[in-house]
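Peer 1: quick one, structure for this:
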Amino acid sequence: LLPVGSEYQVLDGEGGHIDFAPITTLEVALLKHLQNRYPRVSVERILSGEGIINIYGFLCEQEKTDRKFESAKDISQAALIENNEFARRALSIFCEVLGSTASNLALITGAKGGVYIAGGIAPRMLDFLSSSQFRQRFEDKGRFKTYVENIPVRVIKKTHLGLFGAQQKVKLNALHQQDNRNNK
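Peer 2: Numbering: from 1, shown residues only. From the prediction side, this is the model:
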């Protein structure tokens with residue numbers, strides 16, 4: 001949100017389509033693995049349900065073990081409930097990349113007021129996310145660590161947030177049009 005006068009303007013964007021910027025040696029290997037499958041590797045190839053499947057498959061391939069799970073839901077359940085090693089590692093990498101990416105976006109936009117994570121995955125794994133390396137990776141910005149370390153991060157639990165936002169935008173536009181008619 002961008003403050004404009006006494007109101008806020010939503011900055012629309014397609015942040016999931018920015019390039020994946022690996023940090024660790026393992027993430028570089030993940031990038032190379034995904035480059036063999038896709039002509040371009042956006043961060044969405046990692047930070048989505050499909051991304052969890054991509055990470056898990058990569059880890060199984062690295063360790064030359066059979067995949068036990070095929071869906072993001074099954075992988076997440078195996079990580080969170082069954083304590084499956086490969087599934088937990090997949091979610092850990094997901095959280096680490098999410099931390100780095102969220103921080104990058106905060107730096108790009110100057111989001112000192114906070115970063116808000118929406119979507120269906122993060123709310124389902126709040127405990128895992130909070131105990132992961134997410135925050136460390138969020139703050140791991142070298143000389144800009146002091147810039148990002150005070151930026152709060154929140155996970156939005158509201159479902160169907162996009163529809164709610166669209167509804168609010170329609171209401172605001174109607175009020176704005178009515179104000180314009182009244183001021184003529």
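Peer 1: biggest helix in this structure, by residue count?
Peer 2: helix 85-109 (DSSP state H).
Peer 1: helices or strands next to that one in the packing?
Peer 2: helix 25-35, helix 49-62, helix 72-80, strand 115-117, helix 126-131, helix 134-139, helix 145-148 (3 or more Cβ pairs under 8 Å, 6 or more residues apart in numbering; DSSP states H and E). All C-beta atoms are positioned from the backbone trio N, CA, C, and that covers glycine.
Peer 1: quick check: closest non-adjacent residue to the residue nearest the centre of the chain.
Peer 2: With distances taken as Cα atoms, centre = their mean, the residue of the chain nearest its centroid is residue 98 (4.7 Å). Spatial nearest neighbour of residue 98, excluding adjacent residues (Cβ to Cβ, 6 or more residues apart in numbering): residue 47 at 5.7 Å.
Peer 1: taking helix 25-35 as reference, get the angle to the longest helix of the chain.
Peer 2: Helix 85-109 and helix 25-35 are oriented at 90 degrees to each other (axes from the mean of the first three to the mean of the last three Cα atoms, to 10 degrees).
Peer 1: quick one: helix 85-109 to helix 72-80, angle?
Peer 2: Using the same axes, to 10 degrees: helix 85-109 against helix 72-80 is 110 degrees.
Peer 1: angle of helix 85-109 against helix 49-62?
Peer 2: Angle of helix 85-109 versus helix 49-62, following the same axes, to 10 degrees, is 130 degrees.
Peer 1: report the buried residues of helix 85-109.
Peer 2: 86-104, 106 (16 or more other Cβ atoms under 10 Å).
Peer 1: the residue nearest to the centre of the chain against residue 119, yeah?
Peer 2: No - assessed by Cβ atoms under 8 Å, residue 98 is found out of contact with residue 119, at 10.0 Å.
Peer 1: picking up where we left off before, how far off centre is the longest helix of the chain?
Peer 2: Centroid separation between helix 85-109 and its chain, computed with Cα atoms, centre = their mean, to the nearest Å, is 7 Å.
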